[in-house]
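> Only the shape, not the letters, is given here:
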DNA sequence: AAGTGGTCTAGACCACTCT
DNA sequence: GAGTGGTCTAGACCACTTG
C-alpha cells in the first residue's frame, strides 16, 4: 500500500520540512498557512538572500532540487514558476535556471519608465552632482524603516539627447552600503541597480512609485534649464529587495516636455 | 503498451485539436508554435470573446473541461492558471471557476490609480459635463485603430472629499458602443468599465498609460478650481479588451496637490 | 454526500544546449 | 550523448462549498 504525503496536514508536513533544515536556519515565524511548494519557494528565496547562489549563476538542476527538497518535479516546478514570474530567476531551456541579474541590456530599462513621445527609450547620460553622508531625515527614516541610522545621499542628473531631463535625489542606508564613495558611484560601468547588486549584494526586486505634478523651484529650474514654475513630474520611489526590505528611497523630478512616464496595468491591482 | 500523446509533433497534435472544432471555428492562422495548454487557453479565450460564458457565470468544472478538450487535468490547469493570472477568470475553491466581472467592490479600484497621500483610496463622486457624437479626430483614430469611423466623446469630472480632482476626457468608437446616450452614462450604478461590460459586452483587460506634467489651461483651471498655470498630472490612457483590441482612449487631468498617482513595477518590464 | 478547485506524485517524452 | 528545462499524463488525496 502506498503512503501519501499529506501536504495540508501540519504534522506530516513539518516532518518533511525538517529534512531541509541543514540548508539554512529554520524559521518558524514565517511558517503559517503554508503548502509544500510555498515552503520550497521560501527556501530558495532564503538561499538567494543568504548569497548561497549568486546573481548570474545557475542554481542546481530541477532534478537535483527535487532530491534536495524531497519533492516531486511538479511541486518543485510550481515553486520555481512563481520565482520566474517574479523575475527573480530566469530559465533557459537546455542550459539551466539562473539567478536574475540587473546589468544585462534587457534588464537595463526594467525600472526606467521614462520614454520619448513615440514610446522608444534611450540610454541616459549621467552626471553625479552631489554626494554626502548624513543623519537620516524623518522622511527617509520612515521610508527605509531604519530609525536613527545614517544614510548616503546623492544626486544624479540624467540627460537624454544631450539635454538634462531628470534629477534623481537618492537616499540609501549606510549600513547596507558599507564603503560607498563618490568614486564608486562615478566609476560604475552599468546601471545603479547593477552596482547595488555586484558591489553590495543587494538585488532590487520591486519598486513602488507615487507620482505628482509640481512646479519647478529654483534648484530644479537651474538643473533642468527651465523657467521657475515650469511643470515637473515628481516621482517618489521606494525600492525593495528580497524580503520586501526597503533599500533605496529616491525622489525624481522629470521634465516631461519631450518625454513621458510609461505605466501599465493588467494583472491584479 | 501505452501510446503517448506527442504534444510537440504537429501531426499528432492537430489530430487532438480537431476533436475540439465543434466548439468554435477552427482558426489555423493563430496555430503557430503552439503547445497543448496554449491551445486550450486560446479555445477558452475564444469562447469568452464569443460570449459563450458570460461575466459572472461559472465555466464548466475542470474535469468537464478535461473531457471537452481531451487533455489531462495538469494541462487544463496550466491553461486556466494563466487566465487566472491575467485576471480573466477567477477561481473559488469548492464553488467553481468564474468569468471575471468589473462591477465588484474589489475590482472597483483596479484601474483607478489615484490615492490620498497616505495611500488610501476613496470613492470618487462623478459628474458628466459633456457628451457628443462626432467624427473621430486623428489622435483618436490612431489610438483606437478605427479609421474613418465616428466616436462618442464625453467628459467626467471626479470629486474626492467634495473637491473636483480629476477631469476625464473619454473617447470610444460608436461601432462598439451602439446605443450609448447621455442618460445611459448618468444612470449607471457602478463603474464605467462595468457599464462597458454589462451593457456593451466589452471587458477591459489591460490599460496602457503615459504620464506628463502640464500647466492648467483656462478650461482645467475652471473645472478644477485652480489658477491658470497650476501644475497638473496628464494621463493618456488606451484601454484594451480581450484580443488586445483598443476600445477606449482617454485623457485625464489630475490635481495632485492632495492626491497621488500610484504605480508599481515588479514583474517583467 | 456530492461536487468543486488545490496540491502533489512519479514518471514519460520532447526540445534545446553544450561538449 | 549527456544534461537541462518544457510539456504532458493519470490519478491520488485534500480543503472547501453547497445541498
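Yep, that arrived. Everything quoted here is computed from the prediction, not taken from an experiment. Residues are numbered from 1 along each chain as shown, chains lettered A, B, ... in the order given.
> Any stretches of the stretch 1-150 of chain A with poor pLDDT?
Within the stretch 1-150 of chain A, the stretches with pLDDT under 70 are A:1-33, A:102-110.
> Strands along that one, start to end?
For the stretch 1-150 of chain A, the strands defined by DSSP state E, counting those that start in this stretch occupy A:58-59, A:89-92, A:96-99, A:114-116, A:125-135, A:150-160.
> could those strands be laid out in JSON lines, adding distance to chain B and mean neighbour count?
Any C-beta I mention is one placed from the backbone N, CA and C, and that applies to glycine too. Below are the strands of the stretch 1-150 of chain A laid out as JSON lines (distance: least, C-beta to the nearest C-beta, whole Å; neighbours: other C-beta atoms under 10 Å in any protein chain shown):
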{"stretch": "strand A:58-59", "distance to chain B": "19", "mean neighbour count": "16"}
{"stretch": "strand A:89-92", "distance to chain B": "11", "mean neighbour count": "16"}
{"stretch": "strand A:96-99", "distance to chain B": "15", "mean neighbour count": "18"}
{"stretch": "strand A:114-116", "distance to chain B": "8", "mean neighbour count": "18"}
{"stretch": "strand A:125-135", "distance to chain B": "20", "mean neighbour count": "13"}
{"stretch": "strand A:150-160", "distance to chain B": "15", "mean neighbour count": "18"}
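> Redo the ones you listed as CSV? Include distance to residue B:61.
Below are the strands of the stretch 1-150 of chain A laid out as CSV (distance: least, C-beta to C-beta, whole Å):
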stretch, distance to residue B:61
strand A:58-59, 37
strand A:89-92, 31
strand A:96-99, 34
strand A:114-116, 45
strand A:125-135, 56
strand A:150-160, 54
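> DNA strand C: which of those strands is closest?
strand A:89-92 (6.2 Å; C-beta to the nearest atom of the strand).
> Tell me the strands beside the closest one, with direction?
strand A:96-99 (antiparallel) (DSSP bridges).
> contacting residues for the residue nearest to residue A:132 when sequence neighbours are not counted?
Excluding the flanking residues, the one nearest residue A:132 by C-beta to C-beta, 6 or more residues apart in numbering or on different chains is residue A:153, at 5.3 Å. Contact analysis of residue A:153 by C-beta atoms under 8 Å, 6 or more residues apart in numbering or on different chains lists A:130-134, A:169-171.
> and the stretch 51-200 of chain A, which residues reach DNA strand D?
A:58-59, A:61-64, A:73-74, A:77, A:91-97 (C-beta under 7 Å from any atom of the strand).
> Just give me the closest of these to residue A:52.
residue A:59 (8.9 Å; C-beta to C-beta).
> I'd guessed the closest one sits against residue A:65; true?
Yes: contact criterion C-beta atoms under 8 Å: residue A:59 and residue A:65 qualify, at 7.3 Å.
> Look up how far DNA strand D lies from the residue lying closest to residue A:248 once chain neighbours are set aside.
The spatially closest residue to residue A:248, leaving aside those adjacent along the chain, is residue A:239, at 4.1 Å (C-beta to C-beta, 6+ apart). Separation of residue A:239 from DNA strand D (C-beta to the nearest atom of the strand, to the nearest Å) stands at 28 Å.
> Over to residue A:154?
Counting by C-beta to the nearest atom of the strand, the gap from residue A:154 to DNA strand D is 39 Å.
> now do residue A:144
35 Å.
> burial of residue A:75, as a residue count?
19 (other C-beta atoms under 10 Å in any protein chain shown).
> In contact with it, which residues?
Each residue near residue A:75 by C-beta under 8 Å, 6+ apart is listed here: A:36-37, A:40.
> For the residue nearest to residue A:132, give its distance to residue B:189.
Remark: distance between residue A:153 and residue B:189 (C-beta to C-beta, to the nearest Å) = 50 Å.
> check contacts around residue A:188.
Contacts of residue A:188 (C-beta under 8 Å, 6+ apart): A:194-195, A:199.
> Repeat the analysis, applying 7 Å as the threshold.
residue A:195 (C-beta atoms under 7 Å, 6 or more residues apart in numbering or on different chains).
> Next, it: secondary structure please.
coil (DSSP: H, G, I helix; E, B strand; the rest coil).
> Look at it and report its pLDDT.
At residue A:188, the model reports a pLDDT of 82.
> which phi and psi does residue A:249 have?
Per-residue torsions, residue A:249: phi -130, psi 120 (degrees, to the nearest 10).
> Identify the bridge partners of it.
Bridge pairing for residue A:249 - DSSP bridges - gives residue A:171, residue A:238.
> I'd like to know how many residues surround it.
25.
> Then the one 10 residues further on?
Counted with other C-beta under 10 Å, residues neighbouring residue A:259 total 22.
> Roughly how far does it sit from DNA strand D?
With C-beta to the nearest atom of the strand as the criterion, residue A:259 and DNA strand D are 35 Å apart.
> One more: residue A:124?
32 Å.
> Does DNA strand C have contacts with stretch A:57-73?
Yes: against DNA strand C, stretch A:57-73 shows contacts by C-beta under 7 Å from any atom of the strand at A:70-73.
> Looking at those residues, which are in helices?
Assigned to helices by DSSP state H, the following of these qualify: residue A:73.
> for the residues of stretch A:57-73 next to DNA strand C, which one is nearest DNA strand D?
Nearest to DNA strand D among the residues of stretch A:57-73 next to DNA strand C, with distances taken as C-beta to the nearest atom of the strand, is residue A:73, at 6.0 Å.
> Contacts only, for the closest one.
A:62, A:66.
> Equivalent analysis for residue A:134, please.
Per C-beta under 7 Å, 6+ apart, neighbours of residue A:134: A:150-151, A:153.
> Neighbours of residue A:222, how many?
So residue A:222, with other C-beta under 10 Å, has 13 neighbours.
> Tell me the buried residues in the helix or strand it falls within?
In this structure, residue A:222 sits in helix A:218-224 according to DSSP states H and E. Buried residues in helix A:218-224, counted by 16 or more other C-beta atoms under 10 Å in any protein chain shown: A:220-221, A:223-224.
> same question for that helix, mean pLDDT?
Helix A:218-224 comes out at a mean pLDDT of 98.
> what about it, near chain B?
No: figure legend: helix A:218-224 not in contact with chain B (C-beta under 7 Å from any C-beta of the partner chain); closest approach 11.4 Å.
> Tell me which residue is most central in chain A.
residue A:204 (1.5 Å; C-alpha atoms, centre = their mean).
> so what's that one scoring on pLDDT?
85.
> Name all residues that make contact with it.
Per C-beta under 7 Å, 6+ apart, neighbours of residue A:204: A:102, A:111, A:193, A:196, A:239, A:241.
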